[in-house]
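1. Here you go, sequence then predicted model.
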Amino acid sequence: TLYSVTFPNAAALRAWAAAHALALGPGGWAIKDATANSGAGLWFCASGPDLVVEAAKVDARGEVVLQRYLPNPCLWKGRKLQYRAYAVWRGRRCFLYRGAMAQVCATPYAKPEAGSPLDATVHVTNVSVNEDARAFVPERPVPDLQEAAPTHFRAMARVLRSLARAAAPALSPKRG
């Protein structure tokens, strides 16, 4: 199952989408300009055919990332929620800080539907995308995520452990 792939540029993404998008099956996708921030450089698609259409719109100048869109994101009061958490790598170990920021979309969540454009205020939790919306919810500090949302904290810790295992060969001292 494909979850994420990086392309050197938008042209490579378009070529890949033309060749493979129809075989991807149902489910949403996010295209990200690897150099963008603040909610810019994002394109969403709800199906393989939508991916071909959206890939044609991508204007990134450098690397582009295609990621599977989570089918069941975390919700808070019916809106997509994400935690901005911080981690520190020290050698081959990773430490997850217990404090985090909670970011919420301004518009209630709706699953992506093929052929329909996706509203950024439904799918992007970044403050820059949502701050002008009538129902904007400012990001909130979560002083102790491990206590406030233990299931989410444990899931993040599992992901970081998995990344640490995958990165171990590259982080090992070179013997020469």
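-> Yes, it's here.

2. got the buried residues for the one helix or strand Ala170 maps to?
-> Assessed by DSSP states H and E, Ala170 sits inside helix 150-171. Neighbour counts over helix 150-171 (16 or more other C-beta atoms under 10 Å) mark 152-153, 156-157, 160 as buried. Where C-beta positions appear, they are placed from N, C-alpha and C, glycine not excepted.

3. what do you get for stretch 127-135?
-> Within stretch 127-135, the residues scored as buried using 16+ other C-beta under 10 Å are 127, 129-130.

4. How about residues contacting it?
-> 38-40, 103-107, 120-121, 124, 136-139 (C-beta atoms under 8 Å, 6 or more residues apart in numbering).

5. any idea of the mean pLDDT in that stretch?
-> Averaging pLDDT along stretch 127-135 gives 91.

6. Could you measure from Met101 over to Arg140?
-> Distance, Met101 to Arg140, using C-beta to C-beta, to the nearest Å: 7 Å.

7. more crowded one of those two?
-> Using other C-beta atoms under 10 Å, the more surrounded residue of Met101 and Arg140 is Met101, with 15 against 11.

8. where's the residue nearest to the more buried one when sequence neighbours are not counted, which helix or strand?
-> Nearest non-adjacent residue to Met101, counting by C-beta to C-beta, 6 or more residues apart in numbering: Arg84, 4.2 Å away. Using DSSP H and E, Arg84 falls within strand 79-90.

9. do Pro49 as well
-> With DSSP H and E as the test, Pro49 turns up in helix 48-55.

10. so the helix or strand just after that helix versus helix 48-55, what angle?
-> Of the helices and strands lying after helix 48-55 in sequence (DSSP H and E), the nearest is strand 64-68. Strand 64-68 and helix 48-55 are oriented at 160 degrees to each other (axes from the mean of the first three to the mean of the last three C-alpha atoms, to 10 degrees).

11. buried sites along strand 64-68?
-> 64-66.

12. Strand partners (parallel or antiparallel) of it?
-> Counting by DSSP bridges, the strands paired with strand 64-68 are strand 4-7 (antiparallel), strand 29-33 (antiparallel).

13. Of these, flag the one that's most buried.
-> Mean neighbour count (mean count of other C-beta atoms under 10 Å) peaks for strand 29-33 among the strands paired with strand 64-68, with a mean of 21.

14. who touches that one?
-> 13, 40-46, 50-51, 54-55, 58, 60, 62-69.

15. roughly how far out does the helix holding Ala170 sit from the chain middle?
-> Distance of helix 150-171 from the chain centroid (C-alpha atoms, centre = their mean, to the nearest Å) equals 16 Å.

16. ok so, going back, pipe the buried residues of helix 150-171 into a markdown table and attach distance to Tyr97 per row.
-> Below are the buried residues of helix 150-171 laid out as a markdown table (distance: C-beta to C-beta, whole Å):
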| residue | distance to Tyr97 |
| --- | --- |
| His152 | 14 |
| Phe153 | 10 |
| Met156 | 10 |
| Ala157 | 11 |
| Leu160 | 11 |
